[in-house]
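[1] Make a model of this:
(one chain, ligands or ions: 1)
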Amino acid sequence: MTGLGLFGIITVCSTLAVFIVCLALYCRIQTKRHFKCPYCGARFKMPGMRTFFAARQGTDRLLFCPQCGQSGYMENIPDADYEAEKTEEKEDGRT
Ligand SMILES: [Zn+2]
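    All right, here's what the predicted structure looks like:
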């Protein structure tokens, strides 16, 4: 094996490794996030693998809503934000 060939393999492997790590991290982040349909208000989860390659606009992703079938940019919301929103609503109801 020539030195140049080995260097090429290392370059390809490291690029691939970085890409896989990014994808894995993204998938992990997405397990704690969900999307909200702007048309019907449905909230749904999507596998990170599917949204990673979807067209994006900021944090929004171009997706099909599983509820109403509309396609559009769906807001990507962290589950924690939604949980906080729910508890706020509960507290509002009490007062
Ligand atoms: Zn919808």
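
[2] Under a three-state scheme, what state does Leu62 occupy?
    Secondary structure assignment for Leu62 (DSSP: H, G, I helix; E, B strand; the rest coil): strand.

[3] measure the nearest residue to it once chain neighbours are set aside to the ion for me?
    With C-beta to C-beta, 6 or more residues apart in numbering as the criterion, Leu62 has its nearest non-adjacent residue at 3.9 Å, and that residue is Ala55. C-beta here means a position set from N, CA and C on the backbone, and glycine is covered the same way. Separation of Ala55 from the ion (C-beta to the ion, to the nearest Å): 17 Å.

[4] quick one: Ala55 from Pro47, how far?
    Ala55 sits 17 Å away from Pro47, taking C-beta to C-beta, to the nearest Å as the criterion.

[5] And Ala84, by the same measure?
    For Ala84, the distance to Pro47 equals 24 Å [C-beta to C-beta].

[6] So Ile29 is in contact with Gly48, correct?
    Yes - Ile29 lies in contact with Gly48 (C-beta atoms under 8 Å); the separation is 7.3 Å.

[7] The two: which has the busier surroundings?
    Gly48 (17 against 12; other C-beta atoms under 10 Å).

[8] so who does the more buried one touch?
    Listed by C-beta atoms under 8 Å, 6 or more residues apart in numbering, the contact set of Gly48 reads Leu23, Tyr26, Cys27, Arg28, Ile29, Gln30, Thr31.

[9] Quick one: the residues you listed as CSV, columns for pLDDT too.
    Formatted as CSV, the contacts of Gly48 follow (pLDDT from 0 to 100):
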residue, pLDDT
Leu23, 94
Tyr26, 94
Cys27, 95
Arg28, 95
Ile29, 94
Gln30, 95
Thr31, 95
